[in-house]
Structure formats: C-alpha cells, structure tokens
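Participant: quick one: sequence and predicted model below, then my questions.
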Amino acid sequence: MESRSLVPQSSPFHLPVAQMRRVFHPDEVERKLAKLQEHEHDSLRATYRRMLERGPQRFQVKPSGVPDMASLYQALPNFTDVLDDVKRHVALAEHSRDGLEVTPILLLGPPGIGKTHFAKKLADLLGTGMSLVPMSSMTAG
C-alpha cells in the first residue's frame, strides 16, 4: 500500500527542537486557590497546590518536519489509519506554536498481527520511547 499524501512533505525530518513552555500563570492559580472555601473542593485545592509546586514551565518537543513514513505504510498496511493520524499530529505541531502531543494509541487485535512491532517502529521513526501496557494488566484480579 502506498503512502497517502495527507500533508505536504516538507524538508527531510531532523531532530526535534526541545524547549520549555509556560502552561499557566502562577498568580492566577494562587488567586483561585485563595478564593476556595476551607474544607470544600479538597481535590481542586490539592491540584492547585501541585501545580504551584511543579511550576508553570513544561518541557515541549516541536518537530522540525514530517518524517518520511512511506516505509511504514508499506511494511505495516494494517496500521494505515493510525499512521495517518500520527502524520497529521506531526504536521500540525510543525506548523503551529504548539509542541508534539500524540494521543495515546490503543491497538487491538489478535496476537501476532504486529501491534508491538508497529509501536516500536513508530517510536523509532519519531525518535521517542514507548510504553507497552498489555490489556491483561488492565483486568481485575
């Protein structure tokens, strides 16, 4: 199966650019925390306190281009829809001020269809790690 041209292919994919980004204003969080009544909204109060402890800066990765994914489309034809989604996320991050945020991917199917292989290949292509959480670990007991 051939690669679909969902986004224009820009320059060759290079290492992503990493930077720190402010995600909230501490003075606003402090003001909202002060307005909360004692012994009410305990979970919200705890969230505000954790935010202030961590600070407003977060690490952000911004891709410098859309990688050539043709080999993945060809080697993994069962995952075309997922590859299309990832390609759109990378293109959006490249052309906006936001960093790359790929929604977690849930891969379902019988053993042996290449779910783990796909995840490893995609992580390699994007230059990142991956976390494998088997569904058997999600069941009670």
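Facilitator: All right, it came through fine.

Participant: quick one: residues in contact with stretch 33-53.
Facilitator: Contacts to stretch 33-53, defined as CB atoms under 8 Å, 6 or more residues apart in numbering, come from residues 24, 26, 29, 30, 32. Where you see a C-beta, it was placed from the backbone N, CA and C, and this is true even at glycine.

Participant: give me the number of residues near the last one?
Facilitator: Pointing back at residue 32 there. Using other CB atoms under 10 Å, residue 32 has 12 other residues around it.

Participant: chain center to the helix or strand harbouring it, what's the gap?
Facilitator: Taking DSSP states H and E as the criterion, residue 32 maps to helix 26-35. Centre-to-centre, helix 26-35 and its host chain are 28 Å apart (CA atoms, centre = their mean, to the nearest Å).

Participant: and that helix, what's its mean pLDDT?
Facilitator: In this model, helix 26-35 has a mean pLDDT of 94.

Participant: buried set for it?
Facilitator: 29, 33 (16 or more other CB atoms under 10 Å).

Participant: before we move on, back to that, closest to residue 85 among the contacts of stretch 33-53?
Facilitator: Of all these, the one sitting nearest residue 85 is residue 24; the distance, using CB to CB, is 27.8 Å.

Participant: how about that closest one, what does it touch?
Facilitator: Residue 24 sits next to 51, 56 when contact means CB under 8 Å, 6+ apart.

Participant: that one belongs to a helix?
Facilitator: No. Per DSSP: H, G, I helix; E, B strand; the rest coil, residue 24 lies outside any helix segment and is coil.
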